[in-house]
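J.: Structure for this input, please:
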Amino acid sequence: AASKRLRENYQVARHKIAVIPHGATVPKDVARARRGRPTLVTWGLLAPGKGIERVIDSMRSLKDLPGRPLYVVAGRNHPNAAPADAQAYREALVEQAQRLGVADVVCFEDGYRNGAMLSGLAQSAAVVVLPYDSADQVTSGVLVDAIANGRPVVATAFPHACELLATGAGIVVDHDDPNALVSALRRVLTEPRFSGALAAEARRLAPELAWPVVADTYLQLAHRTKVERRAAV
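T.: The predicted structure is shown next:
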């Protein structure tokens with residue numbers, strides 16, 4: 001998607017563009033079975049535009065499923081957002097959960113997590129939910145980390161999700177289709193064979209996203225560019 005925009009909107013020649021994927025730390029061992037209370041997880045720096053309200057609204061239809069699924073929203077307020085706006089967004093989400101009667105199944109965590117802790121959080125999820133408002137986002141580190149940790153993903157139709165989940169590691173839903181979001185989450189939470197297939201595809205994709213693989217791609221590009229430049233001279 002980013003390559004296409006460079007070509008169409010900025011008239012950059014195709015041969016001048018190289019697409020290298022966003023990398024991730026891929027754990028050596030990824031848990032394959034989810035046990036205990038089913039957990040939906042969204043993490044990342046919190047600010048307006050994250051679309052968290054979509055999932056909170058969906059919890060009204062999911063709270064009565066077996067095990068009473070829990071939705072965990074993890075992350076501090078975004079430092080690049082106006083502090084008042086980020087805090088107002090967080091408070092509006094808390095109020096929404098209370099108003100809809102789902103405050104007992106929605107949990108906000110704003111503590112700091114290092115890489116290992118984030119990996120543990122991801123692997124605790126029955127499903128990672130990325131309900132972003134943007135229809136233009138061409139890369140998402142959280143999406144890549146979810147795949148690297150072998151988790152099924154449900155996401156709105158931003159470009160990176162459409163591309164990375166196209167082979168079956170998750171479900172993409174329209175931004176303005178709340179019923180589709182509920183249906184996708186319900187299916188992942190209630191159909192173990194289906195969610196297992198999503199997780200298996202995520203695990204298949206994960207090695208391609210490992211930082212050493214991405215670094216090697218940069219090295220190959222640098223070498224190729226150096227050779228081409230020498231030839232031109």
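J.: which stretch of helix or strand covers the residue nearest to the spatial centre of the chain?
T.: By C-alpha atoms, centre = their mean, the mean C-alpha position of the chain lies nearest to residue 143, the distance being 2.8 Å. Assessed by DSSP states H and E, residue 143 sits inside helix 141-148.
J.: Export only the CA atoms of that helix, formatted as CSV.
T.: Extracted in CSV, the C-alpha atoms of helix 141-148 (Å, rounded to 0.1, in the frame of the first residue of the first chain):
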residue,chain,number,x,y,z
GLY,A,141,4.0,-2.7,15.0
VAL,A,142,1.2,-4.2,17.3
LEU,A,143,-0.1,-6.2,14.3
VAL,A,144,3.3,-7.6,13.6
ASP,A,145,3.9,-8.4,17.2
ALA,A,146,0.6,-10.3,17.4
ILE,A,147,1.5,-12.4,14.4
ALA,A,148,5.0,-13.0,15.8
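J.: List the buried residues of that helix.
T.: 142-148 (16 or more other C-beta atoms under 10 Å). Heads up, the C-betas are built off the backbone N, CA and C, glycines and all.
J.: Check stretch 76-94 too.
T.: Result for stretch 76-94 [16+ other C-beta under 10 Å]: buried residues 77-78, 81, 86, 89-90, 93.
J.: Other residues contacting the longest helix anywhere in the chain?
T.: The single longest helix within the chain, with elements called by DSSP state H, is helix 211-232. With C-beta atoms under 8 Å, 6 or more residues apart in numbering as the test, helix 211-232 has contacts from 18, 20-25, 207.
J.: now the residues you listed: which count as buried?
T.: By 16+ other C-beta under 10 Å, the contacts of helix 211-232 give 21-24 as buried.
J.: Using TSV, lay out those residues together with secondary structure, distance to residue 97 and pLDDT.
T.: Below are these laid out as TSV (DSSP: H, G, I helix; E, B strand; the rest coil; distance: C-beta to C-beta, whole Å; pLDDT from 0 to 100):
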residue	secondary structure	distance to residue 97	pLDDT
21	coil	35	92
22	coil	31	94
23	coil	34	95
24	strand	30	95
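J.: out of the residues you listed, which one sits closest to residue 49?
T.: Ranked by distance to residue 49 (C-beta to C-beta), these are led by residue 22 at 18.9 Å.
J.: pretty sure the closest one contacts residue 144?
T.: Yes. With contact defined as C-beta atoms under 8 Å, residue 22 reaches residue 144; the gap is 4.8 Å.
J.: on that earlier part again, now tell me which of the buried residues of stretch 76-94 the prediction trusts least.
T.: Ranked by pLDDT, those bottom out at residue 81 (80).
J.: in a helix, that's where it is, yeah?
T.: No. Under DSSP: H, G, I helix; E, B strand; the rest coil, residue 81 falls outside any helix and is assigned coil.
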